[in-house]
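Novice: Sharing a model that was predicted from the sequence below.
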Amino acid sequence: DFLPRGSGIVTRRPLVLQLINSNTEYAEFIHQKNKKYVDFDQVRKEIEAETDRVTGSNKGISNIPINLRVYSPHVLNLTLIDLPGLTKVPVGDQPADIEAQIRNMLLEFITKESCLILAVSPANSDLANSDALKIAKEVDPGGLRTIGVITKLDLMDDGTDAREILENKLLPLRRGYIGVVNRSQRDIEGKKDIRAALAAERKYFLSSPAYRHMADRMGTPFLQRILNQQLTNHIRDTLPALRNRLQTQLLSLEKDVEEFKNFRPDDPARKTKAMMQMVQTFGTDFEKNIEGSGDQINMKELSGGAKINRIFFERFPFELVKMEFDEKELRREISYAIKNIHGIRSGLFTPDMAFEAIVKKQVEKLRNPSIKCCDMVIGELTTVIRKCTEKMNRYPRLREETERIVNSSVRDRESRCKDQLMLLVDIQLAYMNTNHEDFIGFANAQQKSDNTSKRKIGNQVIRKGWLTLHNISFMKGGSKEFWFVLTAESLAWFKDEEEKEKTFMLNLDNLCLRDLQASGFLKQKKGFALFNTDTRNVYKDYKQLELSAESQDEVDSWKASFLRAGVYPDRSQENNSDDKSKDDLGSMDPQLERQVETIRNLVDSYTKIVGKTQRDLVPKTIMHLIVNNVKEFIGADLMAHLYSTCDQNSMMEESPEETMRREELLRMYHATKEALQIIGDVSVSTVSTPVPPPVDNEWLEPTDPVNGAGGYAGRPSSPKPGRAPAPPLPTRPGSATILQPQPAGLPNRPAPGIPNRPAPGAPAAPAIPTSTTSVNKFGSVSRRGGAQPAGPGPANAPRIPDRPSVPSRPN
């Protein structure tokens, strides 16, 4: 009674009508939560208003559904979807492609395999040309989901009936047809009660000679039971798979729920135990991250101890080499020192003071790389601490305090470590040990040539890996990856890792390395370039090779490898304008040149000794004063600091997210157990009906969506053969979903529509156990159809759930 009625297209949005058997009677809309309707006239007004809010008031349509739930003791547990009727001629604000839009809307619902299709057709039209049946056959060619519903049986012409159709002998369907007789428009206007309408329907079938023998299989109550039974069949068919899924879910939930089964949030003993476990787990994870024995291994990037190892043995040596002296500048400084020490006299011997002054200046440069190495290790430790406290997310205050206390300890040891690193440099500056076993001495320095200053380590392989080579194909607009092999004497690249097809080999003599600006291809990648110091082409016609890697860590690692091979960073970028402003040394005499060369070799030898010592002691100092000390602090002192910081109860308060997660896990666990119990009961108590055998439905051709071809295929149409077809009667106004085209030349007189839903108190079959929480979508089946000019109508979509969800209560 409460569904909108009228002439033309009334249902302009899909209406999802969920019928729920309940002790009380009311209705509620999904878009109006917590608002209950007990006056069903208000329900009709809200449907009309909600339709107009989306589609406007001038016959527009929309595929956004309206969701309505009706609770009543007089309904079975079903869900129906009332769909708009097919129309071919747009009216009002309807678009030109209104037919295609409505057709697509219908297909959205009826193509689902879990959906029952009610093909509603009037008895006084040619059933063989029913658009509802034709669309249904497109998506359900086997007829397993299609139920025919015949309306307006009382309006057929005298001398005709639909007996053979309802007996499924003429134009058969696999699930057959069900006839209904609804109220006329006069009955509705006269406020005829639906109970009386159902009684009149029953009386009509019992008193009709054509239908009395099948009266028990006709009418709205029988249609209700059929639909409910089909829902039951589907649920029973899906129970085995559903049971398996629920059992698997229950096993996975039991592991998570084990700690919550006897959970008491305010238990002090539980809080103390949880706090100790969290701190112990944090200490274990921190140590595993540093020592490299973690259970969860990061396969995407270096982290923890591996990252610190790279800092010690790649980044730190690279920083040391970067600060190495410039050869030209060093020789100038040595010559100035020698001349200034001799003063007005011409020196006969090489002065020791020049050596000491130059060495001290070079040793002083070790401070910044050492401090930078410490900062990089501190940054990585902070990342490890933050990562290891992620398991404390359940207790935000505990995580915050743990991070604060441990980071404070790290910062405290940082200052001590940096003081110790500065002390190492001061110790080197305090005394020049020229008797060191690795120091070459004056005699060897005078014989050493400048070509031997680069220490060769043999032609051993230093590094292999993928690099992207850019500028050699720049004119072609691209770049290419190669497999590079770096040795102590050369750089070669190959097409792949098998190293069979060598593309080129480059000698490392006179090569230097420079960083590239982040522009062009380097906006996404980090890169560097190799070039020749004597301005010769480094490769064919190219002055430099531009290389890039995936990350900055990869680039830094390659730079450190090139340093091991003797390829140093470029110093020519420094401003050379100072050369002109300085005093001109003029041409050095041979004696001064020999002295400069001697001091140069001595400085090189001694700085290598100091650099080697620094590369050894800086990592040891950082590990002892910071890393190992932090591990000891976490294991021994962290718990005491936490207890002294703040109240344990406030620290162990759960986050709102964790509380919700726990409650949700427990709810899912108990719901899953209850669902398995209900499934067992339903499997035992539910009786299913067999599927009807196939029938010959070749008489029904699918609709051609372009030109409407299809329909009658040589079989008789709905009126009984031998009888004159009844003249078309005027259709009744309403919003049913099956509409038929009007014959040319006949007036379109509105006829009264008939509602199709039982009012409260209507007799209904006893409910069959089904799921009351699933949306089991069925089509509108029992309202009388109305007419839109020249508009054939569609199938409605009764729908069975894809997978029944957990019932909120047993039926």
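Specialist: Happy to help now that I have it. None of these values were measured; they are calculated from a predicted model.
Novice: Only C-alpha atoms from now on, for both contacts and neighbour counts.
Specialist: Noted.
Novice: From the centroid of this structure, which residue is nearest?
Specialist: residue 300 (18.9 Å; C-alpha atoms, centre = their mean).
Novice: From residue 77, how far out is that residue?
Specialist: 53 Å (C-alpha to C-alpha, to the nearest Å).
Novice: circling back: ok, the residue nearest to the centre of the chain to residue 80 distance?
Specialist: If you go by C-alpha to C-alpha, the gap between residue 300 and residue 80 works out to 51 Å.
Novice: And residue 235, by the same measure?
Specialist: For residue 235, the distance to residue 80 - C-alpha to C-alpha - is 17 Å.
Novice: and what of residue 465?
Specialist: From residue 465 across to residue 80, the span is 64 Å (C-alpha to C-alpha).
Novice: cool, and residue 406?
Specialist: 62 Å.
Novice: out of the two, which sits in the more crowded spot?
Specialist: Taking neighbours as other C-alpha atoms under 10 Å, residue 406 and residue 80 compare with residue 80 leading, 25 against 20.
Novice: Regarding that one, what is its secondary structure?
Specialist: Using DSSP: H, G, I helix; E, B strand; the rest coil, the structure places residue 80 in strand.
Novice: was I right about it contacting residue 17?
Specialist: Yes. In this structure residue 80 lies within contact range of residue 17 using C-alpha atoms under 8 Å: 5.1 Å.
Novice: what is in contact with those two at once?
Specialist: Counting by C-alpha atoms under 8 Å, 6 or more residues apart in numbering, residue 80 and residue 17 have no shared contacts at all.
Novice: Find me the pLDDT at the residue nearest to the centre of the chain, would you?
Specialist: Here the pLDDT value assigned to residue 300 is 71.
Novice: Check the one 5 residues further on too.
Specialist: Among the per-residue scores, residue 305 shows a pLDDT of 84.
Novice: Repeat that for the one 3 residues further on.
Specialist: Model confidence at residue 308, expressed as pLDDT, equals 90.
Novice: how about it, phi and psi?
Specialist: In terms of degrees, to the nearest 10, the main-chain angles of residue 308 are phi -70, psi -40.
Novice: Could you do residue 647 as well?
Specialist: phi -70, psi 140.
Novice: Just give the number of residues close to it.
Specialist: Number of residues near residue 647 (other C-alpha under 10 Å) recorded here: 10.
Novice: So for residue 177, what's the nearest residue that isn't a sequence neighbour?
Specialist: Spatial nearest neighbour of residue 177, excluding adjacent residues (C-alpha to C-alpha, 6 or more residues apart in numbering): residue 148 at 4.3 Å.
Novice: before we move on, back to that, assumed the residue nearest to the centre of the chain was part of a helix.
Specialist: No. According to three-state DSSP, residue 300 belongs to no helix; its state is coil.
Novice: now it: how far from residue 551?
Specialist: Counting by C-alpha to C-alpha, the gap from residue 300 to residue 551 is 12 Å.
Novice: Quick one: find the helix or strand in this structure with the lowest mean pLDDT.
Specialist: Using mean pLDDT, DSSP states H and E, strand 777-779 stands out as the lowest-scoring helix or strand of the chain, at a mean of 36.
Novice: the strands in the stretch 151-300 of the chain, which residues?
Specialist: Taking DSSP state E, counting those that start in this stretch to define them, one finds strands in the stretch 151-300 of the chain at 177-179.
Novice: Now do the contacts for the closest residue to residue 34 other than its chain neighbours.
Specialist: In space, and not counting its chain neighbours, residue 34 is closest to residue 28: 7.7 Å by C-alpha to C-alpha, 6+ apart. Residues near residue 28 by C-alpha under 8 Å, 6+ apart: 34-37, 68-70.
Novice: from the residues you listed, which has minimum pLDDT?
Specialist: residue 34 (80).
Novice: Does that residue fall in a helix, a strand, or a coil region?
Specialist: Residue 34 ends up coil, using three-state DSSP.
Novice: number of nearby residues for it?
Specialist: Applying other C-alpha under 10 Å, we find 8 residues neighbouring residue 34.
Novice: gap between it and residue 26?
Specialist: Residue 34 sits 12 Å away from residue 26 when distances are taken as C-alpha to C-alpha.
Novice: Go ahead and confirm residue 70 touches residue 17.
Specialist: Yes. If you go by C-alpha under 8 Å, residue 70 and residue 17 touch, sitting 7.3 Å apart.
Novice: Leaving out sequence neighbours, find the closest residue to residue 511.
Specialist: residue 532 (4.7 Å).
Novice: The one you found is in contact with residue 538, isn't it?
Specialist: Yes. Residue 532 lies in contact with residue 538 (C-alpha under 8 Å); the separation is 5.8 Å.
Novice: any common contacting residues for the two?
Specialist: Common neighbours of residue 532 and residue 538 (C-alpha under 8 Å, 6+ apart) are residue 544.
Novice: Spell out, range by range, the strands that occur in the stretch 451-600 of the chain.
Specialist: Secondary structure of the stretch 451-600 of the chain by DSSP E, counting those that start in this stretch: the strands cover 461-469, 480-487, 490-494, 502-507, 511-515, 526-532, 544-549, 568-569.
Novice: To residue 370, which of the ones you listed lies closest?
Specialist: Residue 370 lies closest, by C-alpha to C-alpha, to one member of those: strand 568-569, at 18.8 Å.
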